[in-house]
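Trainee: below are the sequence and a predicted model; questions follow.
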Amino acid sequence: MKAAPAVQRTLLDLAEIDIELNRVAHRRGSLPELTEITGIEAEAATSRDAVTAAATVLADLRRDADRLEKEVDQVRARGKRDEDLLKGGNVSARQVADLEHELESVRRRQALLEDELLELMERIEAAETQVSVAEGELAEVRQRLGDAERRRDEALADLGTVETRRTEAREAVVGSVPEGLLALYERLRAQKGTGAALLRARRCGACRLELDRTALSELRKAAPDDVVRCEECGVILVRTGESGL
Ligand SMILES: [Zn+2]
């Protein structure tokens, strides 16, 4: 294949742009924020579970307290009824004794239930604290998640800007490369990751190997517009004044 030396040299610009585009693609998949976000998302799931667990405990305790309050109301009403009957005086001495006996047991029961309710209220208060602590932790984790996501988005936007700029530059360069040479370059790039490299001080810029005597003498014999390839890695070798030929 033949191509004017100046045209061959534009392949170096193209190769440089492609290296940058590869770097952008690699960077996009390996942003530290991505690992960070995965970690925080796991933390958020744990925090959400903790909130749910604390809220369930609290709801159960509140239900118990409601039931107990109703029971206390019933016992109080019973006591009130007994007291009213006694005050009314419309009862026999036998009934008075029975009512007093019952009232005593009702009051004992009421005191017991009220103690129980008081204890339950303390547990509710502790459970409420637990819920707000868990909610606070979840809010903090969500905040960190939001920060990390914002940083990721900023990094992706920066990479997108670089990519757009480089892609535009690539299109401009590609326009000046003949079709056949470009096809060879693209095929090599797809196979080897690099399509062309500078031969500098007898070394291939892609595989970094120094050309042996035979290869060098072949290159010296080649015409300036011959498209030559590295014997080791196969990329197009672009010769300039730095090539050491
Ligand atoms: Zn090479």
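Mentor: Everything's here; your move.

Trainee: residues from this protein in reach of the ion?
Mentor: Cys204, Ala206, Cys207, Cys230, Glu232, Cys233 (CB under 5 Å from the ion). (Each C-beta comes from the backbone N, C-alpha and C, glycine too.)

Trainee: name the nearest residue to the first one, ignoring sequence neighbours.
Mentor: Read it as Cys204. The shortest distance from Cys204 to any residue other than its chain neighbours is 4.2 Å, reached at Cys230 (CB to CB, 6 or more residues apart in numbering).

Trainee: check the last one too.
Mentor: Closest residue to Cys233 in three dimensions, ignoring its sequence neighbours and counting by CB to CB, 6+ apart: Cys207, at 3.8 Å.

Trainee: wait, what's in contact with that neighbour?
Mentor: Contact partners of Cys207, counting by CB atoms under 8 Å, 6 or more residues apart in numbering, are Cys230, Glu232, Cys233, Val235.

Trainee: which of those are buried? Put it as a ChimeraX command.
Mentor: ChimeraX command restricting these to the buried ones, with burial defined by 16 or more other CB atoms under 10 Å:
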select :230,233,235
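
Trainee: redo the contacts of Cys207 as JSON lines? Include pLDDT and secondary structure.
Mentor: Shown next, in JSON lines, are those (pLDDT from 0 to 100; DSSP: H, G, I helix; E, B strand; the rest coil):
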{"residue": "Cys230", "pLDDT": "95", "secondary structure": "coil"}
{"residue": "Glu232", "pLDDT": "93", "secondary structure": "coil"}
{"residue": "Cys233", "pLDDT": "94", "secondary structure": "coil"}
{"residue": "Val235", "pLDDT": "96", "secondary structure": "coil"}
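
Trainee: on that earlier part again, my guess is the residue nearest to Cys233 is in a helix, correct?
Mentor: No - Cys207 sits outside any helix when classified using DSSP: H, G, I helix; E, B strand; the rest coil, being coil.

Trainee: okay, it: pLDDT?
Mentor: Turning to Cys207, the model gives it a pLDDT of 95.

Trainee: Val91 too?
Mentor: 89.

Trainee: hmm, back to that, the residue nearest to Cys233 and Arg220, how far apart?
Mentor: Remark: distance between Cys207 and Arg220 (CB to CB, to the nearest Å) = 20 Å.
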